[in-house]
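Chemist: my questions concern the predicted model and sequence given below.
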Amino acid sequence: MFPSASEPRDCSRSRSAKRGAGIANTRAHLNVERCALNSLPWTLSELNVFFIMRRAIYPGSFDPVTNGHLDVIERARKLFDEVIVAVAHNDEKQALFSLQERLDLLQETAAKIDNVRITQFDGLLVEFAAAQKATAVIRGLRAVSDFEFEFQMALMNRKLEASVETIFLMPKEEFTYLSSRLVKEIARLGGDVSSFVPPAVAKALGKKFAASKKK
Ligand code: PNS
């Protein structure tokens, strides 16, 4: 798991003390730090490389999470050490599931994937991404029809915060026609959604619409 020790370590301060004062002091200081880590079998540079985390945010409404979303999360995980799935507080959209329900469904389904964290965010996406020290925003791209809005959002986000890149990932072909909106409509009309969403979501949709029919 860890990198193997390769560089020989020199903890003596005498060699650097023989050189010019400024450089010698800096080197001596670095050497002391190295010596503090001497009990570990890795050099400072090896440790540095090891601990750099590549983190991405996968934002969305997730109302509810579908198999298409899960496929994108799996793909993103292959590229990043950690993926933060971030549910937006989106006041403009009338969601079927409450924010807490959407978070719970993601927790039950997506959080099973290694190094995937589920959270919520408010305000600007790029500000949230920067606060989380994420270098990328992941968006799923299903068809050309998605492109115009996604392109506009990616460029606007870049204008707002140049350090955050948007990366588009294409889900498996069989999920390209899938959307949370269509899944909700099918479930509302009594159709079978079991091949579009994980079992926990199919159950939650069933409950939602059974409850609304009773009203
Ligand atoms: O799943 P959705 O509804 O397509 O997700 C859209 C979302 C939540 C990613 C987008 O609305 C968003 O980023 N909202 C946060 C507010 C923000 O940063 N708006 C400026 C976008 S350029």
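Modeler: Thanks, I have the structure now.

Chemist: near the ligand, which residues of the protein?
Modeler: 59-61, 88, 90, 124-125, 153, 156-157 (Cβ under 6 Å from any ligand atom). Yep, even glycine has a C-beta here, placed from its N, CA and C like the rest.

Chemist: state the pLDDT value of residue 111.
Modeler: Residue 111 is assigned 89 on the pLDDT scale.

Chemist: gap between it and residue 201?
Modeler: Note on residue 111: its distance to residue 201, by Cβ to Cβ, to the nearest Å, is 14 Å.

Chemist: settle it for me: which of those two has more neighbours?
Modeler: Higher neighbour count among residue 111 and residue 201: residue 201, with 28 against 14, using other Cβ atoms under 10 Å.

Chemist: and residue 58, helix, strand or coil?
Modeler: The three-state label given to residue 58 by DSSP: H, G, I helix; E, B strand; the rest coil is strand.

Chemist: make 291 the first number, not 1, from now on.
Modeler: Sure thing, new numbering starts at 291, so read that last one as residue 348.

Chemist: so who does residue 496 touch?
Modeler: residue 477 (Cβ atoms under 8 Å, 6 or more residues apart in numbering).

Chemist: helix, strand or coil for it?
Modeler: With three-state DSSP as the basis, residue 496 sits in helix.

Chemist: got a list of what the most centrally placed residue in the chain touches?
Modeler: In the chain, the residue lying closest to the centroid (Cα atoms, centre = their mean) is residue 373, at 2.3 Å. By Cβ under 8 Å, 6+ apart, the contact list for residue 373 reads 345-348, 363, 366-367, 403, 405-407, 428.

Chemist: just the buried residues from the residues you listed, in ChimeraX please.
Modeler: The following ChimeraX line selects those of these that are buried, judged by 16 or more other Cβ atoms under 10 Å:
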select :345,346,347,348,363,366,367,406,407,428
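
Chemist: are we agreed that the residue nearest to the centre of the chain is in a helix?
Modeler: No: looking at residue 373 with three-state DSSP, it is strand, so not inside a helix.

Chemist: do you know how far the spatially closest residue to residue 495 that is not a sequence neighbour is from the ligand?
Modeler: Leaving aside its chain neighbours, residue 495 sits nearest to residue 477 (3.9 Å; criterion: Cβ to Cβ, 6 or more residues apart in numbering). As judged by Cβ to the nearest ligand atom, to the nearest Å, residue 477 and the ligand stand 18 Å apart.

Chemist: repeat that for residue 342.
Modeler: 26 Å.
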